[in-house]
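J.: Here is a sequence together with a model predicted from it:
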Amino acid sequence: MLNKTLSYILLFLIIPLIAFAGEFKVTRVYDGDTFKATDHNIEIKVRLVGIDAPETKKGKRESGQPFSQQSKKFLTDMVLNKTVEIKGYGTDQYNRQLAVVFVDGKNVNLELLKAGLAEVYRGKHPRGLEIEPYEKAQIEAKNAMKGIWSLCKAMQISPKDWRKSNKHKE
């Protein structure tokens, strides 16, 4: 009995560290790069790895970034109530599964970049994630002035910088 209990505890501690793959049904979209999905009794919060979508409105006084609602709608239209394939790359500091997500054979992360509704994540990328296709998609969206890249330069604020400047506005 003790061995079985110890096994479950170890499994619980190790699972967040392991990159996993599987099929999940998306039940909620939070913003342009985060959603909740389930597989039978397992519920996970997923953060699309390698990209950063415009920040949505978080509080009463804070407004969202330009194109944040379009990004959320794009992701919602692609994945909500659909079965998606998730290729995990571990978890982030908020215990969200970092993942590349596929629906109907399309890389959702890449599709957001192609539409100009996200930028390549400016932080450290997990080992094994091929970032070159993401960078190429971003360059193409910029050149075509799609989505966030259609804004004047002064309005093209990285979600990372937006989070820093809006941290204490609540």
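T.: Arrived safely, thanks for sending. Numbering: from 1, shown residues only.

J.: Pull up the distance across stretch 138-147, start to finish.
T.: Distance between the boundary residues of stretch 138-147 (C-alpha to C-alpha, to the nearest Å) amounts to 11 Å.

J.: Which positions in that stretch come out as buried?
T.: Gln138, Ala141, Lys142, Lys146, Gly147 (16 or more other C-beta atoms under 10 Å). Just so you know, the C-beta spots here come from the backbone N, C-alpha and C atoms, and that holds for glycine as well.

J.: what's next to whatever helix or strand the first one lives in, contact-wise?
T.: Just to be clear, that refers to Gln138. Per DSSP states H and E, Gln138 falls inside helix 132-143. Outside of helix 132-143, the residues within contact range by C-beta atoms under 8 Å, 6 or more residues apart in numbering are Gly50, Ile51, Asn109, Leu110, Leu113, Lys114, Ala115, Gly116, Glu119, Val120, Gly147, Trp149.

J.: okay but the third one is in contact with Val46, surely?
T.: No. At 10.6 Å, Asn109 and Val46 do not qualify as touching, with contact defined as C-beta atoms under 8 Å.

J.: any common contacting residues for those two?
T.: Counting by C-beta under 8 Å, 6+ apart, the residues touching both Asn109 and Val46 are Val101.

J.: so Asp52 bridges to which residues?
T.: Glu119 (DSSP bridges).

J.: quick one: it from Lys160, how far?
T.: 6 Å (C-beta to C-beta, to the nearest Å).

J.: related to what we said a few turns ago, with the contacts of helix 132-143 in mind, which one is nearest to Asp33?
T.: Using C-beta to C-beta, Ile51 is the member of the contacts of helix 132-143 that lies nearest Asp33, at 5.9 Å.

J.: Quick check: the gap between the residue nearest to that closest one when sequence neighbours are not counted and Asp31.
T.: Distance criterion C-beta to C-beta, 6 or more residues apart in numbering; nearest residue to Ile51, sequence neighbours excluded, is Ala118 at 4.2 Å. With the distance defined as C-beta to C-beta, Ala118 ends up 10 Å from Asp31.
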